[in-house]
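>>> predicted coordinates and the sequence they were generated for:
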Amino acid sequence: MGQVTHDQANLMLRLYELRRDPRMREARDWFVLECHASSPQELMSKIPPGSKENASYRMVTSYWEMVAGMVNRGLIDDEFFFENGGEGWLVYDRLRPFLAATREMNGANVLAQLESYGKRFEAWRERVAPGATEKFRARMRQMMEARAKASKT
């Protein structure tokens, strides 16, 4: 376990405060509950330019890309950050299947900080709780299936 400084704890609290902004909360809720896609093309159809969904997507992904960059650079101790939340990993995991295709479409290294962070978080989680990542993914699939079923009735 790394040594956590007061500055790191204060940065963690500040990042949490930013997540509490009402519009950011709305964007995060939308991302978790509604932003599901199996390809970059499907994602783009769900977040057309100028839409509220596009703004929500950009808010969530840019926030977590920024935070991931801070964690990746050691501004916050990895273990301290990993112990206190997994939402950044959820964002990474939701986009993981088509990051490479998204980068090809955009010609840029889109969400590279988030990907690096997500892989390290996943390795940490598997070290401290083997099997937890797949259990979480299964729980998310069940939640999505239940929501889809409920919306059809």
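Received, thanks.

>>> so, low pLDDT: which residues of this structure?
Within the chain, the stretches with pLDDT under 70 are 1-2.

>>> tell me how far Asp7 lies from Met70.
Note on Asp7: its distance to Met70, by C-beta to C-beta, to the nearest Å, is 12 Å. Heads up, the C-betas are built off the backbone N, CA and C, glycines and all.

>>> with neighbour numbers in mind, choose between these two.
Met70 (17 against 10; other C-beta atoms under 10 Å).

>>> which of the three states applies to the residue lying closest to the more buried one once chain neighbours are set aside?
The shortest distance from Met70 to any non-neighbouring residue, by C-beta to C-beta, 6 or more residues apart in numbering, is to Ile76 (6.0 Å). The three-state assignment at Ile76 reads coil, by DSSP: H, G, I helix; E, B strand; the rest coil.

>>> name the element the residue positioned nearest the centre of the chain belongs to?
When C-alpha atoms, centre = their mean is applied to the chain, the residue found nearest the centroid is Val91 (2.0 Å). Taking DSSP states H and E as the definition, one finds Val91 inside helix 87-95.
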